[in-house]
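Novice: structure for the following, please:
(2 chains)
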Amino acid sequence: MIRRYDIVVVGAGPAGLGAATAAATAGRKVAVLDDNPRVGGQIWRSGAGKSAADRWREQAVAAFQVSGAELFAGRQVVDATASEGTLEAWFAAEHTIESFGFEALILATGARERFLPFPGWTLPGVFGAGGLQALVRGGYDIRGKRVVVAGTGPLLLAVAAHLKQDGAGIVTIAEQASMGQMAGFGVSLVARPGKVLQGLRLRAELSGVPYRTGCWVTAAEGSEAVTAVRLTDGSRTWTEQCDLVACGFHLVPNTELAFLLGCSITQAGVVEVNAQQQTSVAGIYCAGEPAGIAGVDAASLQGKIAGLAAAGKIEAAAKLYSRRDAEAAFGHAMSRAFALRREILKLAAPDTIICRCEDVRLGALHGQMMDRRNWTDAKLQTRCGMGPCQGRICGPALEAIFGWRNASVRPPIFPVPISALCSAPVQDSEVSILESQESSR
Amino acid sequence: MSDLNVVGGTVTVRVNGEPVTLPQGAMLIAALLEVGVPCRISESGEQRTALCGMGICFECRASVDGVPQQRTCQIVCKEGMTVETQR
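Specialist: Down below sits the predicted model:
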């Protein structure tokens, strides 16, 4: 059975909700698919933590709920064909694959965190920065835990403030960018008072917490879980005891589905879009972080523009262009201010695991013994990037470190049980792809 | 359906047989982190638990109600659910 809609939106974060609300309000039949059990995406992830409450989220969700758009939560898109206007989604709760038909498709697939490997980064207790915040919102009680927040970008401050609200003790915030590098960012913020106020509010919540610029983690220590980190400012190195580490090095746009559909991806690794947020493929739009990392306000606006444009309301969409473009400029300024320093690309030791799914170590990829030429060579020779995450974690790390880029995306773009790909009725006892990989070794 | 964010109330699940009570609406990974057991053992024998918290990295895989390789960060706790960590 295929469910047919005028417009299908993939992703129910700020961009996807904005798109679906705009298109459905314009009278179109709209479906929204999201892998997560709840709407909001990552930045508006709801749940158990105190910090989960957000006025903007409540407004966006309320508008979405009365728009008439239908939500399909817990659906992971695994395949799509632009020419046929169809996509397939894995619905784990029902152990089935569902088909959707569309006249127009809006990709609002969001972003993930970039991780850069350092010795000890695979220890339990080392999380993504946004990752730990998501886990807390998912009910993880961090009251009394000592947390080191490290990496780069304004997300670190927001995460630290939220973790503190939820009862964690923030040992230190280590921002790899130097004060000088960030000063340029501060200047560009003068034109954006809203963003400055947001930053100042977060700083007030973090009074008493050391915010170290030009500082980064060189290693996490511990045997069965992290117990301390090594920090450096480039000249001095010291140890901080901690229970948890929250580290993130910018965001990486989720472009796999756009790539699969044949949409042009720019040299910078984002989906190419025109003023209406339409990709290089007619009828396929992209909004939010996959079209360029620029934050929640940009995502909401781009989503609205894409939703209106896909519904044929070009004039209404055009009224939002100037605000959207100003937000994009903010994103560009942000990525320059928090550009990664060379030192943090060289932290991994030969025995540091790079690919966590397959436990491929740096020494197997690069160094005196081995020198893989590119991502494909690394995959074929070492199984790097061939585990269930399909290179979503090690790929961006290797792109930052060696400039290797993943040049192929094939369906299914997320692992699904073999049984789900067959037309026969599903049995619980059937073997999944993950298991069959492990038994074939 | 759109928003399962329920205030108040608790839910009890079992992690390797041990009961864990969490706020209503919590994800299964929260139960594993509460108990402090690793979700899985990696290819080379390392203990692993969640990294990304948002369904991307697959480090929080565990067996849920008998179905292996489930991402526990993407599953909302339901009363009586059982999670077994993966060796």
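
Novice: any stretches of chain B with poor pLDDT?
Specialist: Scanning chain B for pLDDT under 70 picks out B:1-7.

Novice: find the closest residue to chain A in chain B.
Specialist: residue B:26 (2.6 Å; CB to the nearest CB). Just so you know, the C-beta spots here come from the backbone N, C-alpha and C atoms, and that holds for glycine as well.

Novice: can you tell me the closest non-neighbouring residue to that residue?
Specialist: residue A:139 (2.6 Å; CB to CB, 6 or more residues apart in numbering or on different chains).

Novice: and that neighbour, that one's in a helix?
Specialist: No: read with DSSP: H, G, I helix; E, B strand; the rest coil, residue A:139 is coil and lies in no helix.

Novice: quick one: the helix or strand containing residue A:89 near chain B?
Specialist: Following DSSP states H and E, one finds residue A:89 within strand A:86-91. No: using CB under 8 Å from any CB of the partner chain, strand A:86-91 stays clear of chain B, coming no nearer than 11.6 Å.

Novice: okay, now the residue nearest to residue B:41 when sequence neighbours are not counted: neighbour count?
Specialist: In space, and not counting its chain neighbours, residue B:41 is closest to residue B:87: 5.5 Å by CB to CB, 6+ apart. Using other CB atoms under 10 Å in any protein chain shown, residue B:87 is surrounded by 5 other residues.

Novice: next: residue A:30.
Specialist: Residue A:30, neighbours per other CB under 10 Å, totals 30.

Novice: backbone phi and psi for it, please?
Specialist: Dihedral angles of residue A:30 (phi, psi; degrees, to the nearest 10) stand at phi -120, psi 140.

Novice: how near is it to chain B?
Specialist: Distance of residue A:30 to chain B, given as CB to the nearest CB, to the nearest Å: 14 Å.

Novice: grab the most central residue of chain A for me.
Specialist: residue A:112 (1.5 Å; CA atoms, centre = their mean).

Novice: chain B: strands as residue ranges?
Specialist: Remark: strands assigned in chain B by DSSP state E are B:10-15, B:18-23, B:40-41, B:47-48, B:61-64, B:67-71, B:82-84.

Novice: could you dump the ones you listed to a markdown table with mean neighbour count?
Specialist: Shown next, in a markdown table, are the strands of chain B (neighbours: other CB atoms under 10 Å in any protein chain shown):
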| stretch | mean neighbour count |
| --- | --- |
| strand B:10-15 | 18 |
| strand B:18-23 | 16 |
| strand B:40-41 | 17 |
| strand B:47-48 | 20 |
| strand B:61-64 | 21 |
| strand B:67-71 | 19 |
| strand B:82-84 | 19 |
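
Novice: next, format the ones you listed as a markdown table and append distance to residue A:63.
Specialist: Below are the strands of chain B laid out as a markdown table (distance: least, CB to CB, whole Å):
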| stretch | distance to residue A:63 |
| --- | --- |
| strand B:10-15 | 30 |
| strand B:18-23 | 27 |
| strand B:40-41 | 40 |
| strand B:47-48 | 40 |
| strand B:61-64 | 34 |
| strand B:67-71 | 30 |
| strand B:82-84 | 36 |
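
Novice: what about stretch A:347-365, start to end distance?
Specialist: 15 Å (CA to CA, to the nearest Å).

Novice: and it, does that touch chain B?
Specialist: Yes: using CB under 8 Å from any CB, stretch A:347-365 reaches chain B at A:353, A:356, A:357, A:358, A:359.

Novice: can you put those residues in JSON lines and add secondary structure?
Specialist: Formatted as JSON lines, the residues of stretch A:347-365 next to chain B follow (three-state DSSP):
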{"residue": "A:353", "secondary structure": "strand"}
{"residue": "A:356", "secondary structure": "coil"}
{"residue": "A:357", "secondary structure": "coil"}
{"residue": "A:358", "secondary structure": "coil"}
{"residue": "A:359", "secondary structure": "coil"}
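
Novice: how many residues are close by the residue of chain B closest to chain A?
Specialist: 25.

Novice: test my guess that it contacts residue A:141.
Specialist: No: contact criterion CB atoms under 8 Å: residue B:26 and residue A:141 do not qualify, at 9.4 Å.

Novice: run through the residues that contact the residue lying farthest from the centre of chain B.
Specialist: Relative to the C-alpha centroid of chain B, counting by CA atoms, centre = their mean, residue B:44 is the outermost residue, at 22.3 Å. Applying CB atoms under 8 Å, 6 or more residues apart in numbering or on different chains, we find residue B:44 in contact with A:353, A:359.
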